[in-house]
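Asker: Below are the sequence and a predicted model for it; my questions follow.
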Amino acid sequence: MIVSANQPYFAPFPGFFYKACVSDILVILDSVQFPRGTTWLSRNRFKNSQGTLWMTVPVWKKGLGLQQINDVRICCDFRWTSKHLESLKVAYANSPYFAEHLPFIKQLFSGGFERLIDFNLCVINYLLEQLRIHTRLVLLSELGVEARGDLLPVEICRKLGSLHFTAQYSARKYLSEDLFRESGIELQFFKPPSPVYPQLWGGFINNLSAFDLIFNCGPKAKEIMLRT
C-alpha cells in the first residue's frame, strides 16, 4: 500500500492529482499550521484573455494568530464569489466542456461554505471524480497522529500500516530518508508531469488549476495527464 500526503490546496494543479493516481491513500494534511503568507491553500491560477488569472479565496487571519488549516474561516463578504463566478464564465465560456461543469461552479460559489477546508475538499473531490481517480482520501485530523516535522510522514505510514511512502522530488529536502529507513518504510520519489494540452487564449501556460485541463479536454483529461 502506497501512502502520500498533501495540504488541501484550492483547485489544485494536475500534479496534485497525479500524486493521487500513484497512491493508494492520499492523506490530506488538514490539521497542520496554515501559512502566514501567500499559499496555494487559498489561491490558484486559471487563464483568461490577459494570460494568467489569479483567483483567491479570502480568509480571516488578522488577529487570529497561528491557525490550523481546518480552523481557517472564509470571509463572510460574498461579493468575491460572484466576482470569481463571472471571471470563470468570461474566461472559459468558449472552452469545449465548461458548460458541463457550470452547475457545479455555480453551486461552489453560492456562498454555502464557512471553512476553507470544506470548500477545498468539495473542489478536490469533484476533480477526483471528473478525472476518474478512486484513491482513498484520509484526513490527518482523523488519524490521531500528533507527530510533526520529520516524524509526521513516518507516523502516518505507521498508523495506516503502510511500508511505502511517495512524494515529489521537490519535497526530498524536507524528508528525512534516515528516519524512513530506520522505520523500515520505503521512501519513493516521483516527478509530477506537466501536461501540455489545447488551451484558449494564446500561448500555453503550464500547471494551472486542473479545472483548466478539464474545461478544455473533458473526458480525455486523465489520459493526457498520465500520458505526459
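Answerer: Received it, and whenever you're ready, just let me know what you need.
Asker: What pLDDT does the model give the residue of the chain positioned farthest from its centre?
Answerer: Note on the chain: the largest C-alpha distance from the chain mean falls to residue 182, namely 30.3 Å (C-alpha atoms, centre = their mean). Listed pLDDT for residue 182 reads 96.
Asker: how much space between it and residue 151?
Answerer: 11 Å (C-beta to C-beta, to the nearest Å). C-betas here are computed from N, CA, C, even on glycine.
Asker: How about residue 172?
Answerer: From residue 172 over to residue 151 the distance is 17 Å, taken as C-beta to C-beta.
Asker: These two: who's more crowded?
Answerer: More crowded of residue 172 and residue 151, by other C-beta atoms under 10 Å: residue 151, with 15 against 11.
Asker: Residue 69 touches residue 116, doesn't it?
Answerer: Yes: if you go by C-beta atoms under 8 Å, residue 69 and residue 116 touch, sitting 7.2 Å apart.
Asker: just the strands in this structure please.
Answerer: Taking DSSP state E as the test, the strands found in the chain are 2-6, 25-28, 43-48, 51-56, 136-139, 164-168, 186-190.
Asker: among these, which is nearest residue 108?
Answerer: With C-beta to C-beta as the criterion, residue 108 lies closest to strand 51-56 of those, at 11.5 Å.
Asker: What sits closest to residue 106 if chain neighbours are left out?
Answerer: Among residues not flanking residue 106 along the chain, residue 85 sits closest, at 6.6 Å (C-beta to C-beta, 6 or more residues apart in numbering).
Asker: these two touch, right, the one you found and residue 111?
Answerer: No: here residue 85 does not reach residue 111: they are 10.4 Å apart, not a contact under C-beta under 8 Å.
Asker: now residue 97: how far from residue 217?
Answerer: 7 Å.
Asker: same check, this time on residue 225
Answerer: For residue 225, the distance to residue 217 (C-beta to C-beta) stands at 9 Å.
Asker: more neighbours, the two?
Answerer: More neighbours surround residue 225 than the other of residue 225 and residue 217, with 24 against 20 (other C-beta under 10 Å).
Asker: I'd guessed the more buried one sits against residue 131; true?
Answerer: Yes: counting by C-beta under 8 Å, residue 225 does reach residue 131; the two are 7.1 Å apart.
Asker: Name the residues contacting each of those two.
Answerer: Residues touching both residue 225 and residue 131 (C-beta atoms under 8 Å, 6 or more residues apart in numbering): residue 17.
Asker: Need the nearest residue in space to residue 15, chain neighbours excluded.
Answerer: residue 192 (3.1 Å).
Asker: The one you found reaches residue 20, doesn't it?
Answerer: No: using C-beta under 8 Å, residue 192 is not in contact with residue 20; the gap is 10.9 Å.
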